[in-house]
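Student: Predicted structure and sequence below. I'll ask about it afterward.
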Amino acid sequence: MVDVETTGFAARGSDRIVEVAVVQLDSAGRVTGEWCTLLNPGRDLGPQHVHRIRAADVWHAPTFADAAGALAARLAGRVVVAHNLSFDARFLTAEFARIGVDLPVGGLCTMRLAARYLPERVGRSLRACCEAAGVVLESAHSALHDARATARLFAHYVGFGVPDAEPVPDVPLRGDVAEVRRGAAAVPRRRSESVTLARGDRVVFTGQMRSPRDEWIDRAAALGLVSQGYVTKATRVLVAADPFTLSSKAQRARAYRVPIVSEVDFAGMLGSLGVTPPAKDHRTGWPRAY
């Protein structure tokens, strides 16, 4: 069983795998091994609200190239099974291709097989299929939990017999890597940046934030700030969905020592910028009260 979490949907474009899990079964559907690691994609993590992986979690995680040998060894000679196999296979093939390895990944798809084994199901999602088979799905969009649920779902199918499929070929990749699991990585400490903004300051945004980016740009413009699409030495602050982000904008900001702040930090800065100091009485110098 294989499951991947990714930065998006463009396997052959700019998106990358950020977590991969393998759960190995024997021919009777019994679990014989598990392996899972976060991966450092060298870019922003995309829809973090979906996979819930923080950039800080992957700072010290291996890259796909680092983990490729360990992953290939666990797939070699086995039939790959995944829920929505075409998605996982597309990303795995693309990632191996980036390191110069031609590894076609085929196998069995529990989503497609559901039409045969779960005719009364409602929906095609992993959750819907698990519910129809009486399988518990814990923590969806976690590669290991999804792979475990897929394993239990496939074991249900095995009881009725499943079609044959070609195993993954062995490739000349060796080496192992220490797994980095969710919550186990050393998280670097981050202090909130103290930045005082002024009208005319240039700000840049990166990542998929809780509030739409257009709203932030409009709020910034209403207070006299200038929004840019890229970071320069003149940028006053970079606002990030995740201040630990590995996006190209964040990498440039760190090189230029441009402060990187969260949405919450930035909201506070806008609040301070939007406050008009109270008028002072010219005779006493005290704020006027009305």
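Tutor: Yes, it's here. This one's a predicted model, so the numbers in the text were calculated from it and none came from an experiment.
Student: show me where the chain has helices.
Tutor: With DSSP state H, the ranges of helices along the chain come out as 48-51, 55-58, 64-75, 85-98, 110-117, 126-133, 143-158, 213-222, 248-256, 263-273.
Student: out of those, nearest to residue 174?
Tutor: helix 64-75 (5.1 Å; Cβ to Cβ). C-betas here are computed from N, CA, C, even on glycine.
Student: and the closest one with helix 85-98, angle?
Tutor: Angle of helix 64-75 versus helix 85-98, following axes from the mean of the first three to the mean of the last three Cα atoms, to 10 degrees, is 120 degrees.
Student: buried residues in helix 64-75?
Tutor: 64, 66, 67, 68, 69, 70, 71, 72, 73, 74, 75 (16 or more other Cβ atoms under 10 Å).
Student: Turn these into CSV, including distance to residue 89 and pLDDT.
Tutor: CSV is the format used below for these (distance: Cβ to Cβ, whole Å; pLDDT from 0 to 100):
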residue, distance to residue 89, pLDDT
64, 15, 97
66, 21, 97
67, 17, 97
68, 16, 97
69, 19, 96
70, 18, 96
71, 13, 97
72, 14, 96
73, 18, 95
74, 15, 96
75, 11, 96
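Student: and residue 198, what is it in contact with?
Tutor: residue 273 (Cβ atoms under 8 Å, 6 or more residues apart in numbering).
Student: What separation is there between it and residue 116?
Tutor: Counting by Cβ to Cβ, to the nearest Å, the separation of residue 198 from residue 116 is 65 Å.
Student: cool, and residue 148?
Tutor: Taking Cβ to Cβ, one finds residue 148 at 22 Å from residue 116.
Student: Those two - which one has more neighbours?
Tutor: residue 148 (23 against 11; other Cβ atoms under 10 Å).
Student: ok, so what distance separates that one from residue 111?
Tutor: For residue 148, the distance to residue 111 equals 16 Å [Cβ to Cβ].
Student: Residue 258 now?
Tutor: 44 Å.
Student: Could you check how many residues crowd around residue 163?
Tutor: Count around residue 163 with other Cβ under 10 Å applied: 9.
Student: so who does it touch?
Tutor: residue 108 are the contacts of residue 163 under Cβ under 8 Å, 6+ apart.
Student: Got the domain ranges for the protein?
Tutor: 2-158, 202-273 (automatic domain parsing).
Student: Tell me the buried residues in stretch 202-220?
Tutor: Under 16+ other Cβ under 10 Å, the buried positions of stretch 202-220 are 202, 203, 204, 205, 206, 207, 208, 209, 216, 219, 220.
Student: tell me the mean pLDDT for stretch 6-14?
Tutor: Here stretch 6-14 scores 94 as its mean pLDDT.
Student: circling back: mind putting the buried residues of helix 64-75 into JSON lines with distance to residue 97?
Tutor: Output for these, formatted as JSON lines (distance: Cβ to Cβ, whole Å):
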{"residue": "64", "distance to residue 97": "11"}
{"residue": "66", "distance to residue 97": "17"}
{"residue": "67", "distance to residue 97": "15"}
{"residue": "68", "distance to residue 97": "11"}
{"residue": "69", "distance to residue 97": "16"}
{"residue": "70", "distance to residue 97": "18"}
{"residue": "71", "distance to residue 97": "14"}
{"residue": "72", "distance to residue 97": "13"}
{"residue": "73", "distance to residue 97": "18"}
{"residue": "74", "distance to residue 97": "19"}
{"residue": "75", "distance to residue 97": "15"}
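Student: Just name the closest of these to residue 2, please.
Tutor: Using Cβ to Cβ, these come closest to residue 2 at residue 75, 7.4 Å.
Student: from what I can see that closest one touches residue 22, true?
Tutor: Yes: with contacts counted by Cβ atoms under 8 Å, residue 75 reaches residue 22, the gap being 7.0 Å.
Student: give the contact list for the closest residue in space to residue 211 that isn't next to it in sequence.
Tutor: The shortest distance from residue 211 to any non-neighbouring residue, by Cβ to Cβ, 6 or more residues apart in numbering, is to residue 263 (6.8 Å). Residue 263 makes contacts with 209, 210, 211, 216, 239, 241, as judged by Cβ under 8 Å, 6+ apart.
Student: Of the domains of the chain, which stretch is the most buried?
Tutor: domain 2-158 (a mean of 19; mean count of other Cβ atoms under 10 Å).
Student: Between its first and last residues, how far does it reach?
Tutor: Using Cα to Cα, to the nearest Å, the end-to-end distance of domain 2-158 comes to 17 Å.
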